[in-house]
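[1] from the sequence below, what's the structure:
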Amino acid sequence: MLAASLINPMIPTLKLTDLVSTALDWMNDYDTQQLVVAEDDVYKGVVSESILLDSINDAAPLSEIIRQHQDVFATADQHVYELLRLVNQYGLRVLPVVNEEGLLEGTILVSELLERFADELGIQERGAVLVLKVAERDYSLSEVSRLIESNGTKVLSSYYASAATYENPDDARLTLKLNRTNINPIVATLERFGYNIQEAHANDPVESIDQERLDMLLRYLAT
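    Predicted coordinates for the structure are as follows:
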């Protein structure tokens, strides 16, 4: 999923001559707290609702208002993971897509980006989530997948958080979304092969290990 496929052609682009009141009206109409500004199709940054609301003059042009993130944008061929990095790093609500000449190709609404990404991960599908604690030196997604598939279950998506996220190098986490909710056999298989299950979220009860140590290991995943 690339940036070009996520552009929403219905999202308006502001001009430097547009007024503060115009920008606020459009933000309200399109339910977003930010909008992209361009002049002669050249990307000029992002204006935010919070800054516009601080303006004492609703009739002031955007050329007089602080614009942010003038050097932050995506290119049409960037993958969704790179887009999410930008969104998270800069706290964006919209993401401009700019070509090599600095010309604006369109705007991505972050809310739509997240919805599309959730669909790609299979989040909307009914199924359980497992979180395994794995040492980096022992990490093998193919081996974990093989054990899960031996129970007639598929891994819909996975996410690996490296040990750099945690203080202990053996504390990496592997999060798995599965295509079934009855995961008792899967839990048993993984534990038999020495995997440390930190969390299990499912619609069906899990007869899991060491409930007290994990303090409510089982929760329910809303689907």
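
[2] quick one: contacts for residue 4?
    Contact analysis of residue 4 by C-beta atoms under 8 Å, 6 or more residues apart in numbering lists 76-77, 97, 105. (Glycine included, C-beta is placed from N, CA and C.)

[3] so residue 185: helix, strand or coil?
    helix (DSSP: H, G, I helix; E, B strand; the rest coil).

[4] now do the contacts for it.
    By C-beta under 8 Å, 6+ apart, the contact set of residue 185 is residue 151.

[5] what's the span of stretch 73-83, first residue to last?
    9 Å (C-alpha to C-alpha, to the nearest Å).

[6] farthest pair in the contacts of residue 4?
    The distance between the two most remote of the contacts of residue 4 (C-beta to C-beta) is 11.0 Å, for 77 and 105.

[7] more neighbours: which of these two?
    Higher neighbour count among residue 77 and residue 105: residue 105, with 17 against 10, using other C-beta atoms under 10 Å.

[8] and residue 66, which of the three is it?
    Under three-state DSSP, residue 66 falls in the coil class.

[9] sorry, back to before: need the contacts of residue 4 in a markdown table (columns: distance to residue 178).
    Below are the contacts of residue 4 laid out as a markdown table (distance: C-beta to C-beta, whole Å):
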| residue | distance to residue 178 |
| --- | --- |
| 76 | 34 |
| 77 | 32 |
| 97 | 34 |
| 105 | 38 |
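
[10] in strands, which of the residues you listed appear?
    Using DSSP state E, the subset of the contacts of residue 4 located in strands is 97, 105.
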